[in-house]
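1. give me a model of this one.
(chains A and B)
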Number of protein chains: 2
Amino acid sequence: MDKQALYVIKVGGNVIDHEALLSTFLKNIAAIKGHVILVHGGGKIATRLGDKLGIASKYVDGRRITDADTIDLVTMVYGGLVNKKIVASLQANHCNAIGLCGADGNIIPATKRPVKTIDYGFVGDIQTSAINTAPLISMINGGLTPVFAPLTHDGNGQILNTNADTIASSLAIALAAIYEVRLVFCFEKKGVLRDANDDNTVINKINRSIYQQLLDEKALFDGIIPKLDNAFAAIDNGVKEVLIGHADDVLQNTTADVAGTLIY
Amino acid sequence: MDKQALYVIKVGGNVIDHEALLSTFLKNIAAIKGHVILVHGGGKIATRLGDKLGIASKYVDGRRITDADTIDLVTMVYGGLVNKKIVASLQANHCNAIGLCGADGNIIPATKRPVKTIDYGFVGDIQTSAINTAPLISMINGGLTPVFAPLTHDGNGQILNTNADTIASSLAIALAAIYEVRLVFCFEKKGVLRDANDDNTVINKINRSIYQQLLDEKALFDGIIPKLDNAFAAIDNGVKEVLIGHADDVLQNTTADVAGTLIY
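-> Okay, here's the model as predicted:
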């Protein structure tokens, strides 16, 4: 029997931060025929709220350093404010969304990242094989659209901050045995760009050897490398295809002939 | 066929606000044999965070007045911080909890309370008949323990602040056709008291006529009347029994011979 299609879609960056962009994006999500999992980042709301509360935001290599105050902050903002507002908006668009984090149903157990040179604090690393897909499959097949905040837990009562791209690719891989999974990374650029400031320089297709060449040329802009690493990990583990591009484009055109970058 | 037992348990007040009390309470919840739904209030965390953010808390008749800033605040605190921490703690106690609000799965649709003499703001009123039990039943029968934050939605994208007692009694009523439901209100007192300051004055059993008598005598303390109204609404609509008492007592003794107050 053919597998059913499932889109695992990650949205972050300035889509979350702009009400009009987010509204259009969620309308597009609601219009997708077939199964969807949405994974969202937190945007700058946590940073702004942290500033008001005197919780300074620290980053190393693009990852937030998560101390005790910060994990409470992101649990509130990502798991509460952003997640439930997205759910309510999808419901208004007749998409039967259900807001989750990785602790819910023990779907995404994680381990606190070990301290090597950097102490990331309460940050979770995922083993894809540990993901509990049963409750997710039950929800998806029951017509629900899971919406994940970028949070996991350690099984001992501690919530952990976890990269949303990693959550999306891990869920995509864990579900690839059950569904024909397309993983979609939506962000503020048109795709993987040769020139980070020029949306006309989208690289339409990237495979392993092109990726290596781009790395050698140092042709890739900040923040895209973890995204591409996640994408290739997904492809190597059964995910059918990965699309990277602007929220407005990639949801409307998810065939091989894409606006955006196709990872194959 | 006999119906399976389901406990719908509401916890609020100072249990949520005290880490040690909450920890013991959640251990007791995890130890219950059989199906459980937990509904939690927000405690004083929202008020304290609101103070830091310059969002003043206003109450009329024990109900928070919920303006635009306040609905964001309680969505963060109730739906994010409190809800996900409870879920993570239950998971640590081997209870497969899943954190929800009424918008998730469109389980609890509500309508914004109409303005009569008081404008409550973004506060939701529930029609029990509108509750969508299908996703809940699927979760419960799949071994999950739903944990509800006291939030609903209007179906048009707006989250609404909703009394946790009302959510608990509405869920209890909506599920009474499927399960043998016991509704348990856990709070900081030993039960319904004749003297609000004396835990030795617990009224062990209250029916409609005793309730009327207590109302006539003005013998009931602040905040307990809505709880009793919710309790009787539940009994009148198929819920087997309602227990009101201290978190430490009522979870350990849920037969008719209770520590606490039994509503019948």
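
2. tell me who's in contact with A:I45.
-> For A:I45, the contacting residues are A:16-17, A:77, A:81-82, by CB atoms under 8 Å, 6 or more residues apart in numbering or on different chains. For glycine as for every other residue, the C-beta is placed from the backbone atoms N, C-alpha and C.

3. count the neighbours of A:S138 for me.
-> 17 (other CB atoms under 10 Å in any protein chain shown).

4. I meant A:V147, not that one.
-> Neighbours around A:V147, by other CB under 10 Å: 28.

5. which parts of chain A are strands?
-> A:5-11, A:35-40, A:59-60, A:63-64, A:97-100, A:110-112, A:124-126, A:145-148, A:151-153, A:159-161, A:180-187, A:205-206, A:241-246, A:261-263 (DSSP state E).

6. which one of the ones you listed has the poorest average confidence?
-> Mean pLDDT is lowest for strand A:63-64 out of those, coming in at a mean of 66.

7. does A:A168 touch A:G12 like I think?
-> No - A:A168 is beyond contact range of A:G12, at 9.5 Å (criterion: CB atoms under 8 Å).

8. apart from its neighbours in sequence, what residue is nearest the residue in chain A that chain B sits nearest to?
-> Going by CB to the nearest CB, chain B is nearest to A:G80 of chain A, at 2.1 Å. Among residues not flanking A:G80 along the chain, B:G80 sits closest, at 2.1 Å (CB to CB, 6 or more residues apart in numbering or on different chains).

9. look at A:A168 and A:G12 and report which has more neighbours.
-> A:A168 (30 against 23).

10. list the contacts of that one.
-> A:8-10, A:37, A:39, A:148, A:183, A:185, A:230.

11. at 7 Å instead, please
-> Residues near A:A168 by CB atoms under 7 Å, 6 or more residues apart in numbering or on different chains: A:8, A:10, A:39, A:183.

12. distance to chain B for the strands of chain A - can I get that in JSON lines?
-> Converted to JSON lines, these look like this (distance: least, CB to the nearest CB, whole Å):
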{"stretch": "strand A:5-11", "distance to chain B": "17"}
{"stretch": "strand A:35-40", "distance to chain B": "13"}
{"stretch": "strand A:59-60", "distance to chain B": "22"}
{"stretch": "strand A:63-64", "distance to chain B": "16"}
{"stretch": "strand A:97-100", "distance to chain B": "4"}
{"stretch": "strand A:110-112", "distance to chain B": "11"}
{"stretch": "strand A:124-126", "distance to chain B": "11"}
{"stretch": "strand A:145-148", "distance to chain B": "9"}
{"stretch": "strand A:151-153", "distance to chain B": "5"}
{"stretch": "strand A:159-161", "distance to chain B": "5"}
{"stretch": "strand A:180-187", "distance to chain B": "20"}
{"stretch": "strand A:205-206", "distance to chain B": "36"}
{"stretch": "strand A:241-246", "distance to chain B": "23"}
{"stretch": "strand A:261-263", "distance to chain B": "32"}
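
13. nearest to B:H153, of these?
-> strand A:97-100 (10.4 Å; CB to CB).

14. just list what that closest one packs against, helices and strands only.
-> Contacts defined by 3 or more CB pairs under 7 Å, 6 or more residues apart in numbering or on different chains; DSSP states H and E place strand A:97-100 against helix A:83-92, strand A:145-148.

15. repeat the analysis, applying 10 Å as the threshold.
-> Applying 3 or more CB pairs under 10 Å, 6 or more residues apart in numbering or on different chains; DSSP states H and E, one finds that strand A:97-100 contacts helix A:19-31, strand A:35-40, helix A:83-92, helix A:134-141, strand A:145-148, helix B:83-92, strand B:97-100.

16. so what strands line up beside it?
-> Using DSSP bridges, the strands paired with strand A:97-100 in its sheet are strand A:145-148 (parallel).

17. one step back: comparing the helices and strands packed on strand A:97-100 by mean pLDDT, which bottoms out?
-> Among the helices and strands packed on strand A:97-100, helix A:19-31 carries the lowest mean pLDDT, a mean of 94.

18. and that one, how far out from the chain's middle?
-> What separates the centre of helix A:19-31 from the centre of its chain is 16 Å, taken as CA atoms, centre = their mean, to the nearest Å.

19. okay, now the nearest residue to A:D61 once chain neighbours are set aside: neighbour count?
-> Nearest residue to A:D61, sequence neighbours excluded (CB to CB, 6+ apart): A:I118, at 7.8 Å. A:I118: 12 surrounding residues under other CB under 10 Å.

20. could you do A:D61 as well?
-> 10.

21. didn't it look like it was pressed against A:P226?
-> Yes - at 8.7 Å, A:D61 and A:P226 qualify as touching, with contact defined as CB atoms under 10 Å.

22. so how far is B:I210 from A:L160?
-> With the distance defined as CB to CB, to the nearest Å, A:L160 ends up 50 Å from B:I210.

23. of these two, who's got more company?
-> A:L160 (30 against 14).

24. who touches that one in this structure?
-> With contacts defined as CB atoms under 10 Å, 6 or more residues apart in numbering or on different chains, A:L160 is in contact with A:66, A:71, A:74-75, A:101-103, A:108-113, A:120-126, A:150-154, B:88.

25. circling back to that earlier point, right, and the helices and strands packed on strand A:97-100 - which one's nearest A:G54?
-> helix B:83-92 (21.0 Å).

26. for the closest residue to A:I108 other than its chain neighbours, give me its contacts.
-> Closest residue in space to A:I108, ignoring its immediate chain neighbours: A:G102 at 2.9 Å, by CB to CB, 6+ apart. Counting by CB under 10 Å, 6+ apart, A:G102 touches A:79, A:108-110, A:124, A:126, A:131-132, A:148-153, A:159-160, A:162, A:167, A:170-171, B:84, B:88.

27. also A:V77?
-> A:42-43, A:45-50, A:83, A:149, B:72, B:75-76, B:80-81.

28. and A:C95, by the same measure?
-> Counted by CB under 10 Å, 6+ apart, A:C95 has contacts A:26-27, A:29-32, A:36, A:38, A:87, A:89, A:143-145, A:147, B:106.

29. do that again at 6 Å, thanks
-> By CB atoms under 6 Å, 6 or more residues apart in numbering or on different chains, A:C95 lies in contact with A:30, A:145.

30. now it. Its backbone dihedrals?
-> As for A:C95, its main-chain torsions (degrees, to the nearest 10) stand at phi -110, psi 120.

31. isn't A:D67 up against A:G121?
-> Yes - in this structure A:D67 lies within contact range of A:G121 using CB atoms under 6 Å: 5.0 Å.

32. comparing these two, which residue is more hemmed in?
-> Taking other CB under 10 Å, A:D67 and A:G121 do not tie; A:G121 has more neighbours (19 against 16).

33. report how many residues lie close to the closest residue to that one other than its chain neighbours.
-> The shortest distance from A:G121 to any non-neighbouring residue, by CB to CB, 6+ apart, is to A:T66 (4.0 Å). Residues lying near A:T66 (other CB under 10 Å) number 25.

34. circling back: distance of the residue nearest to A:D61 relative to A:G80?
-> Taking CB to CB, one finds A:I118 at 28 Å from A:G80.
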